[in-house]
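Q: sequence and predicted structure, then a few things I'm wondering about:
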Amino acid sequence: MTTRTARRLREVLRQEFHGLPGAYWWLWTSTLINRLGSFVATFLALHITVDLGRSASFAGLVGALYGLGGTAASVVAGVATDRLGRRPTILVAQSATAAAVVWLALARDAAAVAVCACLCGFFVNASRPALQAMMIDIVPPRDRVRAYTLNYWATNVGLGLSASAAGAVAHHGYAFLFYGQAAAMVLCAAVVFAKLPESRPEEDGGNAPRRPSPPGPRALPGSPSARFWGTARSWCWPSSTCCWPPSSNWLTSDCPSRWSGTAEAAPTVSPSASTACSSWCCNCR
């Protein structure tokens, strides 16, 4: 039975990773690097309360501004993705993220920290609409569910590993985390620049036949379901940041910094495991 299970698992993994376009794997690699370097969101509150000596209420305000920037980015970057293209939007967003993160690490004035945090939230999230659109462009409809599953898995694994590693690095200073994320963003932009061409479909006046969509529920941009999910996604991240100030005080007072990284990494384990299990179940139908 163990041999049969192992053979079946190998077959499922082969089916899961085989057959996707080469450009998709470069996009997947960029996503993984991006999430492996996602240190600022995890340790922003600790940087503010420990390094800068600010209050927990100010850390909460900065977290709200970070989330507000991400909410605005979902709209602005979506328009830029359609008008300017996927590749330029990704390159500008990731390059600007590197600059904003370094500026945030060097900022000491309260107003400068608040502005930098809002800009970081904006640019960190500005590449997401373009990445999703590029994934749709380069992956055939029959493989999109599998592509999104693998991308979601890479996101959670990257966040979990980055939070765990960041806890050890933070012991030597939170500024190193900011510089590490800036370096990761530069590397992501280099991968996109070198390996991913523009994928936006050419304008044809609407005369070309439309590519068939995969089966399943559809949400048009103006439909109630699309508005619901857009609103829910906009509110999920700001609401999750409300635990930053109290958790930062608890972690810094009772635990060493390496444990704060482990605590932040724990929530990513369940999504990663559930994504792998759901993908395996889909292949077993």
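A: Here it is on my side, so go on. Numbering: from 1, shown residues only.
Q: give me the nearest residue to L119, chain neighbours excluded.
A: Using Cβ to Cβ, 6 or more residues apart in numbering and skipping residues adjacent in sequence, the residue nearest L119 is A100, 4.5 Å away. Every C-beta, even on glycine, is put in place using the N, C-alpha and C of the backbone.
Q: what of L104?
A: C116 (3.9 Å).
Q: where does the stretch 51-200 of the chain dip in pLDDT?
A: For the stretch 51-200 of the chain, no stretch has pLDDT under 70.
Q: in it, which spans are helices?
A: 56-83, 86-106, 110-138, 144-170, 175-195 (DSSP state H, counting those that start in this stretch).
Q: dump the ones you listed to JSON lines, plus mean neighbour count.
A: Output for the helices of the stretch 51-200 of the chain, formatted as JSON lines (neighbours: other Cβ atoms under 10 Å):
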{"stretch": "helix 56-83", "mean neighbour count": "19"}
{"stretch": "helix 86-106", "mean neighbour count": "22"}
{"stretch": "helix 110-138", "mean neighbour count": "21"}
{"stretch": "helix 144-170", "mean neighbour count": "20"}
{"stretch": "helix 175-195", "mean neighbour count": "20"}
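Q: which among these is found nearest to W26?
A: Across the helices of the stretch 51-200 of the chain, W26 has its closest neighbour in helix 175-195 (4.1 Å, Cβ to Cβ).
Q: which other residues reach that closest one?
A: Applying Cβ atoms under 8 Å, 6 or more residues apart in numbering, the external contacts of helix 175-195 come out as 23, 26, 29-30, 33-34, 36-40, 43, 47, 51, 87, 90-91, 94-95, 97-99, 101-102, 104-105, 166, 169-170.
Q: give me that answer again for 7 Å
A: Helix 175-195 has contacts (Cβ atoms under 7 Å, 6 or more residues apart in numbering) with 26, 29-30, 33-34, 36-40, 43, 87, 90-91, 94-95, 97-98, 101-102, 104-105, 166, 169-170.
Q: please apply the same query to stretch 79-96.
A: Against stretch 79-96 from outside (Cβ under 7 Å, 6+ apart): 77, 123, 126-127, 129-131, 133-134, 137, 185, 188-189, 192-193, 196-200.
Q: let's see that with 8 Å instead.
A: 34, 73, 77, 119, 123, 126-127, 129-131, 133-134, 137, 185-186, 188-189, 192-193, 196-200.
Q: stretch 113-123 too?
A: By Cβ under 8 Å, 6+ apart, stretch 113-123 touches 40, 44, 48, 52, 54, 61-63, 65-70, 72-73, 76, 93-94, 96-97, 100-101, 103-104, 107.
Q: out of the helices of the stretch 51-200 of the chain, nearest to T2?
A: Nearest to T2, of these and by Cβ to Cβ, is helix 144-170 at 24.8 Å.
Q: could you give the angle of the closest one to helix 110-138?
A: If you take axes from the mean of the first three to the mean of the last three Cα atoms, to 10 degrees, helix 144-170 sits at 150 degrees to helix 110-138.
Q: just checking, what packs against helix 144-170?
A: Applying 3 or more Cβ pairs under 8 Å, 6 or more residues apart in numbering; DSSP states H and E, we find helix 144-170 packed against helix 2-17, helix 22-36, helix 40-46, helix 110-138, helix 175-195, helix 257-265, helix 269-283.
Q: would you list the helices of the stretch 51-200 of the chain in CSV and tack on distance to T2?
A: Below are these laid out as CSV (distance: least, Cβ to Cβ, whole Å):
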stretch, distance to T2
helix 56-83, 46
helix 86-106, 44
helix 110-138, 36
helix 144-170, 25
helix 175-195, 39
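Q: for those, which one sits closest to T3?
A: Closest among the helices of the stretch 51-200 of the chain, using Cβ to Cβ: helix 144-170, at 26.1 Å.
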